[in-house]
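J.: I would like the atomic coordinates for the input below:
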Amino acid sequence: MIKNIRLLLVLTGIISIFQFATCKYGFKDVAPIPTEVKTFRVNYFENKAQYVNSQLSPQLTERIKQKIINTTRLRQTNTDDAHYDISGFVSQYYATTVAISNNQSTGNRLNVGFHLVFRNTLDETKNFETDLSRTFDFPATQSISDAERSLNEEMIKNLVDEIFNKIFSNW
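T.: This is a model prediction of the structure:
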């Protein structure tokens, strides 16, 4: 009988805690785009790295345009009066050895750097320039051209996400 009363009290206490407890959470990372901002322009991202992956710049340029079109209400324009003007260039692109075993390379890393230039023509205090970088590991048994083929989609996606987040997020 006492066991049943204890169990009932414990269950009542647990139910009371969950009934009165509230938990609020939200996503604060996306900065609201001001209502007066209507258009954007993405200028062609040049590749100024010492080693040039010929596919990176055009794919990066197109994918950031598509991400902005698909994720925001902004309209793309190619005129000089765009409210958000986005430009930049691939600043670094090189491979390094990251793992050695028995005096031989067992792992390599592809380093990709991007210099982003963001201009807000409606509020110049929001203008900025920044450098972004990402690394992508690949086995030493792969050549850099094989690694580029296998890592291309991941490189583009990660760089586009990083550029997008830098422009449209608070973190």
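J.: For the residue nearest to E46 when sequence neighbours are not counted, which residues are in contact?
T.: Using Cβ to Cβ, 6 or more residues apart in numbering and skipping the chain neighbours, the partner closest in space to E46 is F89 (4.4 Å). C-betas here are computed from N, CA, C, even on glycine. Applying Cβ atoms under 8 Å, 6 or more residues apart in numbering to F89 gives the contacts F45, E46, N47, K48, F114, H115.
J.: What's the PyMOL syntax to select whichever of the residues you listed are buried?
T.: With 16 or more other Cβ atoms under 10 Å as the criterion, this PyMOL line picks the buried residues out of the contacts of F89:
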select buried, resi 45+47+114+115
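J.: nearest to E154, of the contacts of F89?
T.: Using Cβ to Cβ, F114 is the member of those that lies nearest E154, at 14.8 Å.
J.: any idea how far that closest one is from R75?
T.: Counting by Cβ to Cβ, to the nearest Å, the gap from F114 to R75 is 25 Å.
J.: can you give me the strands for this structure?
T.: Taking DSSP state E as the criterion, the chain contains strands spanning 39-42, 46-47, 75-76, 84-101, 104-120, 128-139.
J.: Out of those strands, which is closest to I64?
T.: I64 lies closest, by Cβ to Cβ, to one member of those: strand 39-42, at 5.6 Å.
J.: list the buried ones in the helix ranked longest in the chain?
T.: The residue-count maximum for a helix in the chain (DSSP state H) belongs to helix 144-168. Residues of helix 144-168 classed as buried under the neighbour-count rule (16+ other Cβ under 10 Å) are 144, 147-148, 151, 155-156, 158-160, 163-164, 167-168.
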